[in-house]
Every structure is written in structure tokens, then in C-alpha cells.
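K.L.:
Just need the structure, nothing else, for what follows:
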Amino acid sequence: MKPLLTGRSLGVPLTSGEEQRTAAELERLGFTSERANDVATAATKYATEETDKLVRQLTPRSSWSGVVVCRRHSSSQREETWLMLKHQGAGWHLDAALFV
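P.N.:
Residues are numbered from 1 along each chain as shown. Presented below is the predicted three-dimensional model:
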């Protein structure tokens, strides 16, 4: 039987080079300082990687809006964390954090 998947809806905008602002927003939403910094850094990195991937695939920028990506962030004995990123008109947003 698969473990229960729970998560948090976040909707935090991701901007390259502004991880501290993203981390502050995650702390405001209830993340601990350490976890907020970790998630903010990873989410910004994933957004950059996904942008590069879309560019390499020659996907027209006009069709990027609505693209959703789920990336495994960490895995340990106790839990596995997935981050869901969504591209909305102006850029990437950390849409949700999912925990198994």
C-alpha cells in the first residue's frame, strides 16, 4: 500500500538570485528557518533547470504558462519531499510542497 501523500499549497514566486526573499515567504507560511532556506534554494535551482530544459526543447515561450513540474527534493528514512513548480505568465512559482 502506498503511503499517504500530504502537502502544502504555497504559491510563492521564484526569482533567480532572490532565495532569501523566497525563504522569508516560506518562513511566514510556517516553515522552519533551516527548511525554508533549503527549499528556497532547491526550488530556485529547479526553476532555472526547467527553464533551460524548455529553451533546449525549443518550446515557444508563449506555451510555457501552465507548465507544471514535480521534482523530488529530498529523501530520508523519515520522509520524502517533492516540490511542485508551476510556470505562470510572469515566471515560476513554488506551487506546493508534498511530503510522503
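K.L.:
can we go C-alpha only for contacts and neighbour counts from here?
P.N.:
Fine.
K.L.:
partner residues bridging the residue lying closest to residue 7 once chain neighbours are set aside?
P.N.:
Distances taken as CA to CA, 6 or more residues apart in numbering put residue 98 closest to residue 7, at 4.0 Å, once the chain neighbours are dropped. On the basis of DSSP bridges, residue 98 is bridged to residue 7, residue 82.
K.L.:
show me the contacts for residue 98.
P.N.:
By CA atoms under 8 Å, 6 or more residues apart in numbering, the residues touching residue 98 are 5, 6, 7, 8, 81, 82, 83, 84.
K.L.:
Settle this for me: the fifth one is touching residue 72, isn't it.
P.N.:
It refers to residue 81. Yes: Residue 81 is within contact range of residue 72, at 6.0 Å (criterion: CA atoms under 8 Å).
K.L.:
Settle it for me: which of the two has more neighbours?
P.N.:
Neighbour count, other CA atoms under 10 Å: between residue 81 and residue 72, residue 81 has more, with 18 against 13.
K.L.:
Quick check: buried residues in the helix ranked longest in the chain?
P.N.:
Assignment by DSSP state H gives helix 33-56 as the longest helix of the chain. Across helix 33-56, burial judged by 16 or more other CA atoms under 10 Å covers 36-37, 39-47, 50-51.
K.L.:
Okay then, goodbye and thanks.
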